[in-house]
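Asks: Test case, fold it:
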Amino acid sequence: MTNTEQDRWSRVKGRLRSSVGEDVYSSWFARMDLETVQEQSVRLSVPTRFLKSWIQAHYAERVLTCWQAEMPEVHRIDLTVRTCARCAVPTQETAGPVVKTSHDVVPPVRSDGRPAPELRATAIAPVSATHDALGGSPLDPRLTFGSFVIGRANTLAHAAARQVAEGRRGDSVMFNPLYIHAGVGLGKTHLLQAITWAGNSGTEERKVLYLTAEKFMYGFVAALKTQTALAFKEALRGIDVLVIDDLQFLQGKSTQVEFCHTLNALIDAGRQVVIAADRPPSDLELFDDRVRSRLACGLVVEMGNLGEELRLGILKSRVAAAKAHHASFDVPEPVLDYLARTIVHNGRDLEGAINRLLAHSKLNNAPVTLDMAEREIRDLIRPQEPKRIKIEDIQRVVARQYNVSRSDLLSSRRTANIVRPRQVAMYLAKTLTLRSLPEIGRRFGGRDHTTVLHAVRKIEALVSKDVALSEEVESLKRQLQE
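Replies: Next up is the predicted model:
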């Protein structure tokens, strides 16, 4: 690079800094380098694909304008990612030669939606390019609203998810955040990915980002290591719909604090947040009370266990999907009924059963029969061991039954509306688990084993003469053993 080119680049950077402000410049442009200057194009480089994609999507026109003020003949900016040898801090993204794929490209747009001046791309971006470029978790193309089977257990969750997916930029947000919780294999991830696919494929200029909690943690830690934390925060807060899956796995105090700040910033700005977890907000014991309160202030929806009718619908849907690729594959109605009656745990077991029948039918060139189904999937329908009940489950169910929080049960409060549920929970912990009295005491806020023993004896005595309490306890047992 000649001295003249270096001087021009210095002046362009000065214009860029004045145009966007010092904070934005430091976040996005401080690590941008000039590579070459040709007759009508300038080649610039940045250390990560993340920076490249964000600059392409948001600052294309400004970068080109600053260069044209210095060199009017420039009509194109080529932005590339530097290889590992050029980077001050090696990262996973820059640890090898740059390979341009369609996922590296985000088409630049103006704020009004019209195409911005080109930061040269080598391929047309697919629907999910923005999602991928901003570090989104992988999406399964099968998980759309079209393949989601609706039943009594998930009607409200599906309706709320569709409402979010069909929203437009600038619309008032009906419920924020949307918080969906359910057990394993009941359809949470399917709904969240369906929102992402639908939101990113619409005609509106709308950015929908799907992240697992693990991916969020990785992105935040990586941004800290590469000193791009401010850019990471600004990128997340520029999303129209942020979708977080498996929130219960979000760990680390600093990560949770950043998540809380991001959540507040998006909600306060009228952006949509959608979250899924395996438990309600009140049971996220590792989270700060303020975070749990903010999560609970929107719409909290529980997806229940799959009923037999819904399980049958899921099976038929999976068979239809398989027949699209294997036209001769067919599962007789009696076999489907048998599977729906006997595989009761979750949708993944149902899908696994259809996959086994398909494999057996194709590999052995044999039709699917009831005898074959009983033989091939017997481990899925074998009588299961009694459900192992956890003290956390007992605390959650009891708190919900008596309209208190789990933290109330663990606290030192002695009011009547807390003492009775706490004693009931201790009684259930002693009768439904193998935990010792001292262990139960520790799990209830560090109480002494004599306190637990007193609670157990108290509830035993009351149950024998209080019919209403006896029915409540039996109802709680049934809920825990389902």
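
Asks: Can you give me the neighbour number for the nearest residue to Q395 once chain neighbours are set aside?
Replies: Leaving aside its chain neighbours, Q395 sits nearest to R406 (5.0 Å; criterion: C-beta to C-beta, 6 or more residues apart in numbering). From N, CA and C alone the C-beta is placed, and that goes for glycine too. The tally of other residues near R406 (other C-beta atoms under 10 Å) stands at 21.

Asks: and R406, what is it in contact with?
Replies: Counting by C-beta atoms under 8 Å, 6 or more residues apart in numbering, R406 touches S282, D283, E285, Q395, R396, A399.

Asks: so who does the closest residue to A296 other than its chain neighbours touch?
Replies: Excluding the flanking residues, the one nearest A296 by C-beta to C-beta, 6+ apart is P281, at 4.3 Å. The contact partners of P281, taken as C-beta under 8 Å, 6+ apart, are Y179, F287, R292, S293, L295, A296, V300.

Asks: my read: the fifth one touches L284, true?
Replies: The one in question is L295. Yes - counting by C-beta atoms under 8 Å, L295 does reach L284; the two are 7.5 Å apart.

Asks: where do the strands sit along this structure?
Replies: 33-37, 41-46, 76-81, 178-181, 208-212, 241-245, 272-277, 299-302 (DSSP state E).

Asks: ok, back up a step: show me which of the contacts of R406 is closest to W9.
Replies: E285 (53.0 Å; C-beta to C-beta).

Asks: Nearest residue to the closest one in space, ignoring adjacent ones along the chain?
Replies: In this structure, E285 finds its nearest non-sequential neighbour in R406, 6.6 Å apart by C-beta to C-beta, 6+ apart.

Asks: so what's that neighbour scoring on pLDDT?
Replies: R406 carries a pLDDT value of 86.

Asks: same deal with T203?
Replies: pLDDT recorded at T203 is 53.

Asks: swap in the one 10 residues further on?
Replies: For A213, the model assigns a pLDDT of 87.

Asks: let's have the chain start at 55 instead
Replies: Sure thing, new numbering starts at 55, so read that last one as A267.

Asks: any idea how far L133 is from it?
Replies: Going from A267 to L133 by C-beta to C-beta, to the nearest Å gives 31 Å.

Asks: next one: R196
Replies: R196 sits 34 Å away from L133, going by C-beta to C-beta.

Asks: Quick check on those two: which one has the bigger neighbour count.
Replies: A count of neighbours by other C-beta under 10 Å puts L133 above the other of R196 and L133, at 23 against 11.

Asks: Is it correct that the more buried one is in contact with S99?
Replies: Yes - at 7.3 Å, L133 and S99 qualify as touching, with contact defined as C-beta under 8 Å.

Asks: quick one, what contacts the nearest residue to S73 once chain neighbours are set aside?
Replies: Leaving aside its sequence neighbours, S73 sits nearest to R116 (C-beta to C-beta, 6+ apart; 5.8 Å). The contact partners of R116, by C-beta under 8 Å, 6+ apart, come to L70, S73, V74.

Asks: Turn those residues into TSV, columns for pLDDT, neighbour count and distance to L246.
Replies: Shown next, in TSV, are these (pLDDT from 0 to 100; neighbours: other C-beta atoms under 10 Å; distance: C-beta to C-beta, whole Å):
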residue	pLDDT	neighbour count	distance to L246
L70	87	20	37
S73	83	15	38
V74	77	19	34
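
Asks: Just the ones of the residues you listed in helices?
Replies: The helices, defined by DSSP state H, take in L70, S73, V74 from the contacts of R116.

Asks: out of those residues, which one sits closest to H503?
Replies: Checking the ones in helices among the contacts of R116 one by one against H503 (C-beta to C-beta), the nearest turns out to be V74, at 63.3 Å.

Asks: Surely the closest one touches I109?
Replies: No - between V74 and I109 there is no contact under C-beta under 8 Å: 10.8 Å.

Asks: Between those two, which contacts overlap?
Replies: W82, F83.

Asks: what's the closest of the contacts of P335 to D433?
Replies: Distances from D433 to the contacts of P335, taken as C-beta to C-beta, are shortest for Y233 (34.5 Å).
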